[in-house]
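Chemist: could you look at this predicted model? Sequence included:
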Amino acid sequence: MKKKFPTKKLFTYLPITVGVVSIPLLIGLNIKKVNVINIAGSSSIQPFLNDVANKIEKTNFETNIQSRGSTFGILNSVKQENTLGVASKSPRETINEYKLNDVWKNRKMKTITFGLEGIGLLAKLPKELDPNKVEINQNNINELYKAFAGKEKVNIKNFINDNSIKEKFDFNWKPFAKNGGAFSSGTAESFLLNSGFKNKIPKNISDVLEGKENYGKNTKITAESNLEAFNYFKNEGKEIGSITYLSLGFILNHIEEIKKMGYSLINVNYGNGPIVPSNENIQSGKYKWTRPFNLLASLDKIKPYVKKFIKELMFTNNYDYLYKEHGILKLSNKDLKKMFKLTKDEIDNLNFNLKENLGKFYYDDYSLNRYGVEHE
């Protein structure tokens, strides 16, 4: 996308011919001074970054964004082919999968988590079934993953929390999953790894959901982007039992429209009763199904104007309304401190000014022994 930027005037000669006499006129031309930031990666984050780019159009930045998926963003960042990579998942699994540990360390890569977002489940339930009677819990989470793998049919009964009505409902889940699984999609990886339940997933199921094997015949495939995935789901997922996972921010921003279509947002239960998926419950720690939004940069190559961009995005309030519009949660100071190189006293100091100590922020992942703010 092209932006307007502050300009500097240079002078050139423009010959104008009058009769047979050429008269050079000195004319002021506007020459743009542009700081270009090329960003490649997650399609889930692209809409937010597009709006950020529009917000900074009056500054000396030009932001070009390629939407190619989180894995592409991680691999592209370590190749240093763009200014920044962007991924809606931790790079940890991709680094291990591609054996990038040494090059990640040598190029002083830093994972910069600038926000968090929830993962939500949407399902088409019978009108006579109260959505609050359906939940994901420790006892059925692997059944959910089995359903999404698509090789076996999984009945709804194990997901109904009221024994008195279980026998009234007898239908199977009809899952819609991201193309390529966790290998390609940050949303799919977070769906698989960040539920908040302590469960060991059987290998035959995890291999499918990780993208190592193809989905079974019971699973339909969606695109990665929330909008494309939901449009496909609402057209093809009209049968009772249709279920998919999407960014919670996207769901909440369209929740009234989604409810009118007959879809329900599914609760989770970590042992203390049903938890409604919401940003408030994420912030309070009650709802744990979340994923990070990460920028990926080589500290060997990072330019001062890129640091300025990161400072504006993360350490000012200039973009708070965009975070809210897109359903993305800004990090607390406690989480932000995890990406700084701080002493114990500085970590414990509630009044420690992060914005004034950004020199302690630019330490690479290996120095900090972490990849941004990871799911714990």
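Modeler: Received the coordinates, thanks.

Chemist: just give me the residue right at the centre of this structure.
Modeler: residue 88 (3.0 Å; C-alpha atoms, centre = their mean).

Chemist: quick check: the closest residue to that residue other than its chain neighbours vs residue 90, distance?
Modeler: Leaving aside its chain neighbours, residue 88 sits nearest to residue 186 (3.1 Å; criterion: C-beta to C-beta, 6 or more residues apart in numbering). C-beta: built from backbone N, CA, C; applies to glycine. Residue 186 sits 9 Å away from residue 90, going by C-beta to C-beta, to the nearest Å.

Chemist: neighbour count for those two, which is higher?
Modeler: residue 186 (32 against 26; other C-beta atoms under 10 Å).

Chemist: and the more buried one, how far is that from residue 108?
Modeler: Residue 186 is 23 Å from residue 108, by C-beta to C-beta.

Chemist: quick one: average pLDDT of the longest strand seen in the chain?
Modeler: Assignment by DSSP state E gives strand 109-124 as the longest strand of the chain. For strand 109-124, mean pLDDT is 97.

Chemist: likewise stretch 217-224?
Modeler: Mean predicted lDDT for stretch 217-224 stands at 95.

Chemist: what comes into contact with that stretch?
Modeler: 43-44, 69, 147-153, 172, 174-180, 184-185, 187, 215, 228-229, 232-233, 236-237, 244 (C-beta atoms under 8 Å, 6 or more residues apart in numbering).

Chemist: returning to what we had before: next, the residue nearest to the centre of the chain: phi, psi?
Modeler: phi -100, psi 40 (degrees, to the nearest 10).

Chemist: again, but for residue 294
Modeler: phi -120, psi 140.

Chemist: and if you look at residue 62?
Modeler: phi -120, psi 120.

Chemist: surely it touches residue 38?
Modeler: No: with contacts counted by C-beta atoms under 8 Å, residue 62 stays clear of residue 38, the gap being 9.1 Å.

Chemist: looking at these two, which has the bigger crowd around it?
Modeler: The neighbour count for residue 62 versus residue 38, taken as other C-beta under 10 Å, is higher for residue 62 (19 against 15).

Chemist: report the beta-bridge partners for the more buried one.
Modeler: residue 36 (DSSP bridges).

Chemist: next: the one 5 residues further on.
Modeler: Under the criterion DSSP bridges, residue 67 forms beta bridges with residue 41.

Chemist: which residues touch it?
Modeler: 41-43, 46, 225 are the contacts of residue 67 under C-beta under 8 Å, 6+ apart.

Chemist: what separation is there between it and residue 372?
Modeler: 20 Å.

Chemist: and what of residue 183?
Modeler: 20 Å.

Chemist: these two: who's more crowded?
Modeler: residue 372 (24 against 18).

Chemist: sec struct for the more buried one, please.
Modeler: Here residue 372 is coil, with the state taken from DSSP: H, G, I helix; E, B strand; the rest coil.

Chemist: pretty sure it contacts residue 336?
Modeler: No: using C-beta under 8 Å, residue 372 is not in contact with residue 336; the gap is 10.3 Å.

Chemist: any low-confidence regions in the chain?
Modeler: Where the chain drops to pLDDT under 70, the residues are 1-33, 57-60, 376.

Chemist: 90 instead?
Modeler: 1-37, 43-44, 46-47, 50, 53-70, 81, 183-186, 224-226, 375-376 (pLDDT under 90).

Chemist: pop the domain breakdown of it in here.
Modeler: 35-117+292-368, 118-290 (automatic domain parsing).

Chemist: so how far is the last one off the chain centroid?
Modeler: Right, the one you point to is domain 118-290. 17 Å (C-alpha atoms, centre = their mean, to the nearest Å).

Chemist: related to what we said a few turns ago, my read: the residue nearest to residue 88 touches residue 43, true?
Modeler: No: using C-beta under 8 Å, residue 186 is not in contact with residue 43, being 9.0 Å away.

Chemist: having no further points to raise, I will conclude here.
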